[in-house]
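S.K.: Predicted model and sequence below, questions to follow.
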Amino acid sequence: MRQIVGYTSDSLWLDALRDGRAFAKSAFVGALAGNFSEVQLKNPAASGVAVLLFRSNVVVGAGGNMVMRHHEADLVTDTGTGVNLLAAGAVSAAHFRTAQVAAMDGTQIISVDPTVQNFSQGLPSWLVEIAPGEGAVFTTGAVNVNIGVAVFWLELPA
């Protein structure tokens with residue numbers, strides 16, 4: 001386990017932000033009968049960076065739970081790159097992609113069941129590192145449920 005004395009998670013985030021390596025993006029996928037709604041943070045194969053998922057917030061409609069999955073293939077719709085949180089900074093290497101699919105994509109990492117309908121779930125900081133060519137998918141645990149995802153990440157040399 002790596003320890004950096006006197007260096008906090010917030011310090012790492014602030015340093016990355018000031019270096020132009022901190023990004024954000026959000027997407028909403030509506031409910032569609034017989035389909036799972038999915039949002040993917042995808043690190044392209046030739047990006048040259050590792051994507052570290054710093055924080056995320058996921059909102060799932062009534063009757064669903066949130067499932068996070070590992071999935072290498074690109075989801076169908078590319079909604080674009082992340083916004084650099086340093087004013088006038090370069091866009092991210094990583095892309096946000098969405099899909100509505102009949103079967104969940106990828107391999108499950110975690111599943112969070114809501115205690116109330118229309119829940120909003122904040123996940124732990126530094127949840128996953130996404131290598132070039134890899135992706136993390138946030139999806140609904142049931143069909144015909146909408147999902148909204150907001151993600152903050154940083155990109156470091158791979």
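M.R.: Perfect, thanks for sending it.

S.K.: Show the model's pLDDT score for the most centrally placed residue in the chain.
M.R.: For the chain, residue 41 is the residue whose C-alpha lies nearest the centre (CA atoms, centre = their mean; 4.5 Å). With respect to pLDDT, residue 41 scores 98.

S.K.: same question, residue 2
M.R.: Among the per-residue scores, residue 2 holds a pLDDT of 49.

S.K.: which residue packs closest to the residue nearest to the centre of the chain, ignoring adjacent ones?
M.R.: Closest residue to residue 41 apart from its sequence neighbours, by CB to CB, 6 or more residues apart in numbering: residue 136 at 5.1 Å. All C-beta spots, glycine's among them, are computed from the backbone N, C-alpha and C.

S.K.: Direction included, what does the helix or strand where that neighbour lies pair up with?
M.R.: In the assignment (DSSP states H and E), residue 136 maps to strand 135-140. Strand pairing for strand 135-140, using DSSP bridges, gives strand 36-42 (antiparallel), strand 66-70 (antiparallel).

S.K.: hmm, who's touching the shortest one?
M.R.: Where contact means CB atoms under 8 Å, 6 or more residues apart in numbering, the residues beyond strand 66-70 that reach it are 58, 60, 104-112, 114, 121, 123, 127-128, 134-141, 147.

S.K.: chain center to it: distance?
M.R.: 10 Å (CA atoms, centre = their mean, to the nearest Å).

S.K.: Would you mind listing the buried residues in it?
M.R.: Within strand 66-70, the residues scored as buried using 16 or more other CB atoms under 10 Å are 66, 67, 68, 69.

S.K.: Can you name the element that comes right after that strand?
M.R.: Moving toward the C-terminus from strand 66-70, the first helix or strand encountered (DSSP H and E) is strand 77-81.

S.K.: The first one too?
M.R.: Along the chain past strand 36-42, the next helix or strand (assigned with DSSP H and E) turns out to be strand 49-60.

S.K.: packing partners for that next one?
M.R.: Helices and strands touching strand 49-60, by 3 or more CB pairs under 8 Å, 6 or more residues apart in numbering; DSSP states H and E, are strand 120-122, strand 128-130, strand 135-140, strand 147-157.

S.K.: Repeat the analysis, applying 6 Å as the threshold.
M.R.: The helices and strands touching strand 49-60, judged by 3 or more CB pairs under 6 Å, 6 or more residues apart in numbering; DSSP states H and E, are strand 120-122, strand 128-130, strand 147-157.

S.K.: partner strands of it, parallel or antiparallel?
M.R.: Strand pairing for strand 49-60, determined by DSSP bridges: strand 120-122 (antiparallel), strand 128-130 (antiparallel), strand 147-157 (antiparallel).
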